[in-house]
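*Asks:* Need coordinates for the following:
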Amino acid sequence: MASAVFNITFDCNDARLVAQFWSAATGYELAFIDTPGNPFWLVSPRGGQWPRLVFVTVPEPKSVKNRVHLDLMPEKREQEAELSRLIALGARIVDDRRKIGPGGWIVLADPEGNEFCLE
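*Replies:* Residues are numbered from 1 along each chain as shown. Below you'll find the model as predicted:
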């Protein structure tokens, strides 16, 4: 037997803010789960599919580069249009690799600095 990825969890200073960004970026549903002693924000694909994105508030700030990151692929628009949309949502460009071989992607950061790539 094997295990499936159920959740990808982000530690955040403002879990609501980061969850709202990722909900808007992915089009996934946003919900606050008020579990006693462990409240969190959940961003999940429609229809109960996995993996889900979980955002938990923690007191310490992010201090180093992510060891794991998400790669996003635009579904219904060109990369440049999706880049503009993500920046308008609060992302910032960390490294533009569209012209570096092999290239074609852009490294971005969400509102709390979590890196991700736009393919």
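*Asks:* residue contacts, Phe55?
*Replies:* With contact set as C-beta atoms under 8 Å, 6 or more residues apart in numbering, Phe55 has these partners: Thr9, Phe10, Cys12, Ala15, Arg16, Val18, Ala19, Trp22, Phe40, Trp41, Leu42, Val43. All C-beta atoms are positioned from the backbone trio N, CA, C, and that covers glycine.
*Asks:* as a whole number, average confidence for the helix or strand hosting Val107?
*Replies:* Using DSSP states H and E, Val107 maps to strand 105-109. The average pLDDT within strand 105-109 is 96.
*Asks:* Parallel or antiparallel, list what pairs with that strand.
*Replies:* Strand pairing for strand 105-109, using DSSP bridges, gives strand 92-97 (antiparallel), strand 115-118 (antiparallel).
*Asks:* Indicate which one of the ones you listed is closest to Pro36.
*Replies:* With C-beta to C-beta as the measure, strand 115-118 is the member of the strands paired with strand 105-109 nearest Pro36 (31.2 Å).
*Asks:* Identify the residues contacting the residue minimising distance to the centre of the chain.
*Replies:* Nearest residue to the geometric centre of the chain (C-alpha atoms, centre = their mean): Trp22, 4.8 Å. Trp22 is in contact with Phe10, Tyr28, Val43, Leu53, Phe55, Asp110, counting by C-beta under 8 Å, 6+ apart.
*Asks:* Can you name the residues bridging to the first one?
*Replies:* Looking back up the chat, that one is Phe10. Phe55.
*Asks:* My read is that it contacts Leu17, right?
*Replies:* No. If you go by C-beta atoms under 8 Å, Phe10 and Leu17 don't touch, sitting 11.2 Å apart.
*Asks:* quick one, which of those two is more surrounded?
*Replies:* Phe10 (23 against 15; other C-beta atoms under 10 Å).
*Asks:* if I look at the more buried one, how far off is Arg16?
*Replies:* Per C-beta to C-beta, to the nearest Å, Phe10 is found 12 Å from Arg16.
*Asks:* Helices of this structure, residue ranges please.
*Replies:* Secondary structure of the chain (DSSP state H): helices at 15-26, 79-89.
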